[in-house]
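Student: Model the following, please.
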Amino acid sequence: MMKQLFNIEGKIALVTGGSRGIGEMVARGFVENGARTYSTARTEATCQATAKALSHYGDCFAIPADLSTLNGIKTFVQTFNEHEDKLDILVNNAGVMKGAAFEDFPESDWDQVMDINLKSLFFLTQQLSPMVKKAATDDDPARVINIASNAGILPPHRHTDYAYTASKAAVINLTRHLAMTLCQDNITVNAISPGLFPSEMTKTMIKEYGEKFARSVPLGRIGAAEDVASAAIYLASRGGAWLTGVNIPVDGGNVVKR
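Tutor: Just a heads-up that it's a prediction; the model follows:
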């Protein structure tokens, strides 16, 4: 039994924003460990290319979609239903970051960040909940894993990402709320709050401040793909079956330091 604690082989997983960055890291971890994994992202070419690359390691499929609106979410869910009749693991990772000075921060950027980082997470979970419930049993709950950020826990070094930090703090609290709602259906809801990882979103930051930032991290480096993938695998496996409403900072100790 103990040897199977972190086994996710044969499970069906969906990773939003799975074409790059944290989402791609999690998707690859799932694929390599035997989960039948679907990846969705807005840019069709990138979504398809990433799924094709990950297919070298196992079963990975792309369903391009715009999840920033309820209509887009409903269209995606309808398409997903044509492929599967249940969903063991939902990873809400899709996100965007916008920065501007306090005096100049535009409403359009605020709305875009909130729509993608927070609104889509709630409504996708809502719309997929019938499929997630079908996968849930008393012995093996279904899982919802929300990707937040350590910037949602502590004030960030950068001071212009107002909507991003607010949305990620909301994701952490919404995770707790959903955990209490969905536990009655044998569904766990947990969050992961990554620190700095290499991605399209962070490439400029890493180029300018990466070495300095790494030295400031208690464990002395920025994140690697295995770090966030292993956290997601833990929450998705038997090892994490009795956790719900939990937020796990995967940031090398930064939240402890501050």
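
Student: so what does the longest helix along the chain touch, helix or strand wise?
Tutor: Longest helix in the chain, counting residues (DSSP state H): helix 162-182. Secondary-structure packing of helix 162-182 (3 or more C-beta pairs under 8 Å, 6 or more residues apart in numbering; DSSP states H and E): helix 107-114, helix 120-135, strand 142-147, strand 187-194. All C-beta spots, glycine's among them, are computed from the backbone N, C-alpha and C.

Student: In TSV: these, plus mean neighbour count.
Tutor: Formatted as TSV, these follow (neighbours: other C-beta atoms under 10 Å):
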stretch	mean neighbour count
helix 107-114	15
helix 120-135	19
strand 142-147	26
strand 187-194	25
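
Student: Among those, which comes closest to Ala225?
Tutor: The closest of the helices and strands packed on helix 162-182 to Ala225 is strand 187-194. By C-beta to C-beta, the value is 11.0 Å.

Student: Can you list the strands that the closest one pairs with?
Tutor: strand 142-147 (parallel), strand 247-250 (parallel) (DSSP bridges).

Student: next one: the last one to chain centre, how far?
Tutor: What that stands for is strand 247-250. 12 Å (C-alpha atoms, centre = their mean, to the nearest Å).

Student: The longest one now?
Tutor: If you compare the mean C-alpha spot of strand 142-147 with that of the full chain, they lie 8 Å apart, counting by C-alpha atoms, centre = their mean.

Student: Just the CA trace of it, in PDB.
Tutor: Below are the C-alpha coordinates for strand 142-147, written out as PDB (Å, rounded to 0.1, in the frame of the first residue of the first chain):
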ATOM      1  CA  ALA A 142     -11.500  13.600  -6.800                       C
ATOM      2  CA  ARG A 143      -9.100  16.600  -6.700                       C
ATOM      3  CA  VAL A 144      -9.300  20.300  -7.500                       C
ATOM      4  CA  ILE A 145      -5.900  22.000  -7.400                       C
ATOM      5  CA  ASN A 146      -5.700  25.800  -7.700                       C
ATOM      6  CA  ILE A 147      -2.500  27.500  -8.600                       C
END
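
Student: could you check the angle helix 120-135 makes with that strand?
Tutor: For strand 142-147 against helix 120-135, the angle by axes from the mean of the first three to the mean of the last three C-alpha atoms, to 10 degrees is 160 degrees.

Student: Strand 142-147 - what's its average pLDDT?
Tutor: In this model, strand 142-147 has an average pLDDT of 98.

Student: which outside residues touch that strand?
Tutor: Residues from elsewhere that reach strand 142-147 (C-beta atoms under 8 Å, 6 or more residues apart in numbering): 17, 22-23, 26, 87-93, 95, 121, 125, 132-133, 135-136, 171, 174-175, 178, 182, 185-192, 194, 232, 235-236, 240.

Student: If we use 7 Å, what do you get?
Tutor: 22, 88-93, 95, 121, 125, 132, 135-136, 171, 175, 178, 186-192, 194, 232, 235-236 (C-beta atoms under 7 Å, 6 or more residues apart in numbering).

Student: so how many other residues sit close to Glu32?
Tutor: By other C-beta atoms under 10 Å, 16 other residues sit near Glu32.

Student: so what's it up against?
Tutor: By C-beta under 7 Å, 6+ apart, the contact list for Glu32 reads Tyr57, Gly58.

Student: again, but for Met114
Tutor: Contacts of Met114 (C-beta under 7 Å, 6+ apart): Ala163, Ser167.

Student: Output the below-cut-off pLDDT ranges for the stretch 51-200 of the chain.
Tutor: Under the criterion pLDDT under 70, the flagged ranges of the stretch 51-200 of the chain are 156-158.

Student: quick one on the thing from earlier: and for the longest helix of the chain, what's in contact with it?
Tutor: 97-98, 105, 109-110, 113-114, 117-118, 121-122, 125, 144, 146, 148-149, 151-152, 156, 188-191, 193, 244-245, 247.
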